[in-house]
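**Q** Structure for the following, please:
(one chain, ligands or ions: 1)
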Amino acid sequence: MTSPWLGPAPLLLASTSATRRLLLESAALPVETESPGVDEREIEAAAGSLSPVELAGALARAKAEAVAARHPGRVVIGADQVLALDGTVFHKPTDLGAARDHLARLAGRTHALHSAVALVRDGSTDLFVETAQLTMRPLAKEGIAAYLACAGEARVRASVGGYQLEGPGIHLFETVEGDHSTVLGLPLLPLLARLRAAGLLRF
Ligand SMILES: Nc1nc2c(ncn2[C@@H]2O[C@H](COP(=O)(O)OP(=O)(O)OP(=O)(O)O)[C@@H](O)[C@H]2O)c(=O)[nH]1
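**A** You can find the predicted model right below:
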């Protein structure tokens, strides 16, 4: 397969997320990954009263710029996803109990997933945020328990909402508005548009 990538070196993804890496590889882009090594909770605490969208942007920028500083000349992508329900920010559930509590609060309501991407090239950062709106079915505690037993702790802890839309999480929803890749945490369409505009894609 001839990749559309025209960059001199592979894209450098400042992320530990296998989902994000897979999204780029599915677009036939060569990817290297490096953990950003930033303390997200510390940045969040220092961020004070940022909105959920601004927080996602600040975290994506911090991750991308931390890795870009270690790799001058590379095209670096950082990303962050924030789940917001009525302005309240949710973080990845630490265990099944936390996931059960999250889902009980999200059930029957519409929450936002703000997926921010920071693209660093030649010392400058291009930051953008895409938002998906997901309406979860009303779920009784038995339904939540059955979902958690089906999804399993690994899947539940791997994503900010306790669900993977491309997995059993799809059963939880009435409607999803927004691009699939935005839900998964790396909005591909606006990212590819920027890479294309920079002359980094063959088509
Ligand atoms: N497979 C899958 N992953 C999802 C879904 N929704 C959110 N995620 C993942 O949930 C994670 C959101 O947490 P973040 O803090 O943004 O990222 P992270 O996983 O900690 O990884 P870093 O980029 O290293 O910070 C990302 O890895 C997203 O890819 C989904 O529906 N499916």
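**Q** Next secondary structure after the helix or strand of the chain with the lowest mean pLDDT?
**A** Least confident element among the helices and strands of the chain, by mean pLDDT, DSSP states H and E: helix 40-47 (a mean of 91). Next helix or strand after helix 40-47 toward the C-terminus (DSSP states H and E): helix 52-70.
**Q** Distance check, the residue lying farthest from the centre of the chain against the ligand.
**A** Distance from the centre of the chain peaks at Glu142, with 28.8 Å (CA atoms, centre = their mean). Using CB to the nearest ligand atom, to the nearest Å, one gets 23 Å for the distance from Glu142 to the ligand. All C-beta atoms are positioned from the backbone trio N, CA, C, and that covers glycine.
**Q** Ala9 is in contact with Arg74, isn't it?
**A** Yes. Look at Ala9 against Arg74 with CB atoms under 8 Å: they come within range, at 5.8 Å.
**Q** okay, the two: which has more neighbours?
**A** Ranked by neighbour count (other CB atoms under 10 Å), Ala9 and Arg74 place Arg74 first, with 19 against 12.
**Q** pretty sure that one contacts Ala14?
**A** No. Contact criterion CB under 8 Å: Arg74 and Ala14 do not qualify, at 10.1 Å.
**Q** which neighbours do the two share?
**A** Jointly contacting Arg74 and Ala14 under the rule CB atoms under 8 Å, 6 or more residues apart in numbering are Ala68.
**Q** contacting residues for Val67?
**A** 12, 14, 34, 36, 76, 78.
**Q** ditto for Met136
**A** With contacts defined as CB under 8 Å, 6+ apart, the neighbours of Met136 are 103, 106-111, 172-174.
**Q** please redo it, this time with the cut-off set to 10 Å
**A** Going by CB atoms under 10 Å, 6 or more residues apart in numbering, Met136 touches 85, 103, 105-111, 161, 163, 169, 172-176.
**Q** what does Gly87 give?
**A** Gly87 sits in contact with 51-52, 112, where contact means CB under 10 Å, 6+ apart.
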